[in-house]
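Trainee: Using only what follows, build the 3D model:
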Amino acid sequence: MVFFNFFMLVLAGLKDELLATQVEARSIKTQLEGEVALNGRLRTVISDLSASWELEPVDESREEARGDALVDQLCYLGATLRDRVRDALRVGVKQAMVVVCSGFSYDMEVVSHGFVTDISKTDAENEERLHALIDNAEVPGERLAKLIEPEVLPPETSSGAGEDGEGRDAD
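Mentor: Reported below is the predicted structural model:
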């Protein structure tokens, strides 16, 4: 009888442990399903972004390289976009200088050195003047930038990031 009671006690403990393990397993399964869904969305977004910038898609044919390939693609995408933004900045500056030259008479060598300060003014006065010039250039600068954008930006695509348009620049 003692052996039977001991057996029933152990069995009850195992049953409680089994139920707790099943609950934990369901919770982990739910978390994993969420991670898999998020992973799928990230893969789609990275693929769409890569395609819009005309980059090679990630090669996930080798099962062991799937995660590493995605990380490598993100690193490559980041480096490539940095290079392209730098190139776009240079194109924009050159275009702005061409616009200035097309209708005004400026010494482009002087313009290429940046803001011209007035040596008869203090640093604070020159700084104040610079901020005023930047403020005055805001609206015309936006207008000029919109003319140059097609030369430096890829066409917009819908990558599924934020179904309500989240993740996209507002115009």
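Trainee: What's the separation between Asn126 and Val116?
Mentor: For Asn126, the distance to Val116 equals 9 Å [CB to CB, to the nearest Å]. Heads up, the C-betas are built off the backbone N, CA and C, glycines and all.
Trainee: Which one of these two is surrounded by more residues?
Mentor: Using other CB atoms under 10 Å as the criterion, Asn126 and Val116 rank with Asn126 on top: 16 against 11.
Trainee: burial of the nearest residue to the more buried one once chain neighbours are set aside, as a residue count?
Mentor: In space, and not counting its chain neighbours, Asn126 is closest to Thr117: 4.4 Å by CB to CB, 6 or more residues apart in numbering. When neighbours are defined as other CB under 10 Å, Thr117 has 13 of them.
Trainee: What segments of this protein are helices?
Mentor: In the chain, the helices defined using DSSP state H lie at 2-52, 66-103, 108-111, 123-152.
Trainee: For the ones you listed, give me TSV that also has mean pLDDT.
Mentor: Below are those laid out as TSV (pLDDT from 0 to 100):
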stretch	mean pLDDT
helix 2-52	89
helix 66-103	82
helix 108-111	80
helix 123-152	86
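Trainee: Distance of the residue most central in space within the chain relative to Pro57?
Mentor: Centroid check for the chain by CA atoms, centre = their mean gives Gly78 as the closest residue, at 8.0 Å. Distance, Gly78 to Pro57, by CB to CB: 16 Å.
Trainee: Span of stretch 55-67 from start to end?
Mentor: Criterion CA to CA, to the nearest Å; first-to-last residue distance in stretch 55-67 is 18 Å.
Trainee: show me what contacts Arg143?
Mentor: Arg143 makes no contacts at all, as judged by CB atoms under 8 Å, 6 or more residues apart in numbering.
Trainee: distance of it from Lys94?
Mentor: In this view, Arg143 and Lys94 are 18 Å apart by CB to CB.
Trainee: now do Ile119
Mentor: 28 Å.
Trainee: again, but for Met108
Mentor: 11 Å.
Trainee: which phi and psi does Trp53 have?
Mentor: Backbone geometry at Trp53, expressed as degrees, to the nearest 10, gives phi -100, psi 10.
Trainee: That one - how many residues pack around it?
Mentor: Applying other CB under 10 Å, I find that Trp53 has 14 neighbouring residues.
Trainee: For Lys121, list the residues it contacts.
Mentor: Lys121 is in contact with Arg129, counting by CB under 8 Å, 6+ apart.
Trainee: and it, what pLDDT?
Mentor: As predicted, Lys121 sits at a pLDDT of 91.
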